[in-house]
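Engineer: attaching a predicted model along with its sequence, questions to come.
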Amino acid sequence: MAESKAKHRPSRTPEGPYELSEGACRAGNLNREMTRLLDFAEQLERAGESILNLRRGREMRLIVHLMRHYLSGQLTTSSSLAAASGLSYGAAMRTIERMKSRGLIVERTRTATGKSFSLHATAKLLEQWQEYANQCRILVGSAFRLYVDDLESEMKSFLTRRGGEQRLAAHPVLTSKLPLRRSLRTLVHADPTFMALNGLRRHFEMMFGVQIASRALSIDRLRAEIIENGRLPVSKYDIVACDFPWFGEMAAAGRLLQLDNLIAQSSFDSDDFHHDALASTRYRGHQYGVPILTTVEMLVYRTDLLADAGVSAPSAVTGVLDVARRLHNPRRGLYGLSWNGARGTPLGHSFIMIMGAFGRPVINLRPTFDGFDAEWVDGEEMRPMFLSSEARETAEYLRELLAFSPPEVLRMSWYDRAAAFADGRAAMAYSHSLLAPLFELNEKSPAYRRTGYLPHPTGPAGRPIAPLGGYAVAIPANIAAERIPAVWTALQALTSAHAVRLYTMNGSLACARKSVSSESQVRALSPMLSAIEDMARRGILKMWPRPPTPDISDVIMIAGEEIHDALVGRKAVATALADAQNRADALMRQRGRY
């Protein structure tokens with residue numbers, strides 16, 4: 001019994017096992033299929049040499065060696081490449097020089113003296129290898145009927161795709177090292193995307209030519225650290241990850257560097273991001289961050305359990321209560337629905353998201369034709385709406401949900417609610433796509449491939465929405481000025497389509513780039529990605545439930561504290577809402593908002 005209770009006890013950190021100290025790292029894998037193709041190419045050549053006595057190829061082994069080191073983040077020197085070629089040293093060096101002259105190999109200085117170099121595959125070689133690998137896959141697959149039945153049609157399809165999605169797969173190293181005297185220092189959120197980035201650190205260190213020091217913190221600790229860092233004369237960090245709603249607060253306080261001029265001087269593709277995601281990282285028309293992950297809060301449900309019970313997936317909150325009631329069976333260890341109920345920020349997030357589905361944002365945003373304006377907010381538009389009927393209905397709904405929730409729900413945070421669903425303890429959950437890998441990429445989970453996805457079920461006056469959140473990377477305003485160009489170069493690489501694709505192939509499903517999420521290989525990872533794209537096409541991915549205003553973090557905290565008091569029975573709902581309104585109003589007036 002003690003073991004069972006310990007197993008179901010909420011995590012001590014809101015992000016569960018994703019919170020890492022600086023320097024912690026796990027291995028990543030750039031492209032498993034590409035690694036297998038490298039093995040195939042190398043073994044095929046060796047077989048030709050040993051069995052058919054074919055003349056040893058002069059370049060294939062060099063290419064394979066370069067590609068292996070590109071994938072693993074290992075450094076290649078002229079000597080190591082010559083040794084891997086199987087040729088005599090003189091022949092190997094002549095072959096390397098010819099490959100340099102054809103634009104297949106680039107050398108980059110390793111030391112300040114410029115006398116030592118490392119060798120790297122160029123963009124041209126990476127692209128040619130991609131085409132070679134794809135054709136190998138098609139030809140071998142056709143020969144053995146492993147992949148395709150019609151070689152001609154598949155080849156035509158491949159030629160049509162050339163230059164399209166396959167270009168996402170490779171990103172060359174920088175032609176010169178980042179001119180940073182110390183390592184690239186990053187402060188990030190503890191979640192699967194940044195865990196993937198950390199696991200791929202060696203790859204990015206090779207790309208940049210400098211070491212990367214990373215620290216991952218849970219949401220409240222991360223915000224506190226960014227604020228504390230902003231008070232220093234010079235920033236400890238080069239890049240910080242900010243939750244979307246923080247950008248108003250951080251920009252208004254002068255903690256982040258405006259990126260407008262840097263963006264104007266680069267080939268920044270704003271169209272590759274969801275509109276609301278990019279808008280979340282602006283303040284007063286200025287850009288302060290670049291999205292690195294986007295996450296959607298949805299209702300997730302067990303398709304098999306609902307089918308067995310003969311009930312439909314709920315589209316309204318009344319339906320959620322009905323389905324939760326019918327599936328709730330504590331004797332079997334199954335609860336109706338898991339959600340963020342922990343005091344403070346976790347419950348505050350649940351409250352404002354669900355209040356949005358009841359039809360009103362938590363502050364008095366100006367209505368628009370398709371929702372509310374969360375980008376330009378002034379005066380009375382900042383007034384909290386805890387005394388609205390939607391706020392009261394939201395609080396009452398959460399109180400009703402308690403009867404069909406896990407017993408520890410009022411201590412649950414983001415990781416805990418997703419873990420309860422993944423472990424088969426909850427039939428439904430309000431959950432972010434950020435943590436979907438717990439059940440979408442885990443074949444042992446009872447919810448694996450048995451999960452459906454819906455926008456937030458609506459209240460009486462609401463309409464379907466899927467609150468859009470995520471993290472963007474930014475540059476602290478107090479960074480040493482001489483580091484800015486190099487750090488901007490690194491920030492662009494870490495948010496590129498290439499990088500985002502790597503994160504998705506290494507355990508993240510919070511895809512920030514539309515070009516990546518539309519790629520067939522990525523969509524095949526999880527049916528959830530197609531469900532999110534469908535929501536995007538329907539125009540229901542919205543940022544306004546968590547508007548990036550300067551005071552939203554405090555409003556969320558107030559909501560999470562007062563509503564928690566109501567849910568545990570310390571206060572009546574009406575009293576808790578009145579107290580929340582008074583506290584938030586006093587804060588806004590103190591800061592001169594209205």
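Structural biologist: Yep, that arrived. Numbers count the residues shown, from 1 in each chain.
Engineer: the stretch 401-550 of the chain: strands as residue ranges?
Structural biologist: 426-432, 451-454, 466-474, 541-542 (DSSP state E, counting those that start in this stretch).
Engineer: export those strands to JSON lines and tack on distance to P527 and mean pLDDT?
Structural biologist: All C-beta spots, glycine's among them, are computed from the backbone N, C-alpha and C. Shown next, in JSON lines, are these (distance: least, C-beta to C-beta, whole Å; pLDDT from 0 to 100):
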{"stretch": "strand 426-432", "distance to P527": "15", "mean pLDDT": "97"}
{"stretch": "strand 451-454", "distance to P527": "8", "mean pLDDT": "98"}
{"stretch": "strand 466-474", "distance to P527": "16", "mean pLDDT": "96"}
{"stretch": "strand 541-542", "distance to P527": "17", "mean pLDDT": "96"}
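Engineer: how does this protein divide into domains?
Structural biologist: With domains defined by automatic domain parsing, the chain comprises 32-169, 184-292+469-506, 295-468+541-590.
Engineer: so which of those is nearest V522?
Structural biologist: Across the domains of the chain, V522 has its closest neighbour in domain 184-292+469-506 (5.3 Å, C-beta to C-beta).
Engineer: how about the strands of the stretch 401-550 of the chain, which one is nearest V555?
Structural biologist: Between V555 and these, the shortest gap by C-beta to C-beta is with strand 466-474, which sits at 15.1 Å.
Engineer: the closest one to strand 426-432, inter-axis angle?
Structural biologist: Calculated by axes from the mean of the first three to the mean of the last three C-alpha atoms, to 10 degrees, strand 466-474 forms an angle of 50 degrees with strand 426-432.
Engineer: quick one: list the elements packing against strand 466-474.
Structural biologist: Strand 466-474 is packed against strand 184-189, strand 239-243, helix 247-252, helix 275-280, strand 290-302, strand 541-542, with contacts defined by 3 or more C-beta pairs under 8 Å, 6 or more residues apart in numbering; DSSP states H and E.
Engineer: now for these, which one comes closest to N582?
Structural biologist: Checking the helices and strands packed on strand 466-474 against N582 by C-beta to C-beta gives helix 247-252 as the closest, at 21.5 Å.
Engineer: Provide the contact partners of the next helix-or-strand element following that closest one at residue level.
Structural biologist: Next helix or strand after helix 247-252 toward the C-terminus (DSSP states H and E): helix 260-264. Applying C-beta atoms under 8 Å, 6 or more residues apart in numbering, the contact partners of helix 260-264 are H286, Q287, I484, W488.
Engineer: ok, and the most crowded of the residues you listed?
Structural biologist: When neighbours are counted by other C-beta atoms under 10 Å, Q287 leads the contacts of helix 260-264 with 24 neighbours.
Engineer: just checking, that one touches L259?
Structural biologist: Yes. The criterion here is C-beta atoms under 8 Å, and Q287 meets it with L259 at 4.7 Å.
Engineer: all helices of the stretch 351-500 of the chain, in order?
Structural biologist: 389-401, 414-422, 437-440, 484-494, 497-505 (DSSP state H, counting those that start in this stretch).
Engineer: closest to T458 out of those helices?
Structural biologist: Smallest distance to T458 across those (C-beta to C-beta): 11.0 Å, for helix 389-401.
Engineer: contact partners for the residue lying closest to F247 once chain neighbours are set aside?
Structural biologist: Excluding the flanking residues, the one nearest F247 by C-beta to C-beta, 6 or more residues apart in numbering is P548, at 4.4 Å. With contacts defined as C-beta under 8 Å, 6+ apart, P548 is in contact with F244, P245, W246, F247, G248, E249, S280, T281, R282, Y283, A374, E375.
Engineer: report the buried members of those residues.
Structural biologist: Buried members of the contacts of P548, counted by 16 or more other C-beta atoms under 10 Å: F244, P245, W246, F247, G248, E249, S280, T281, R282, Y283, A374, E375.
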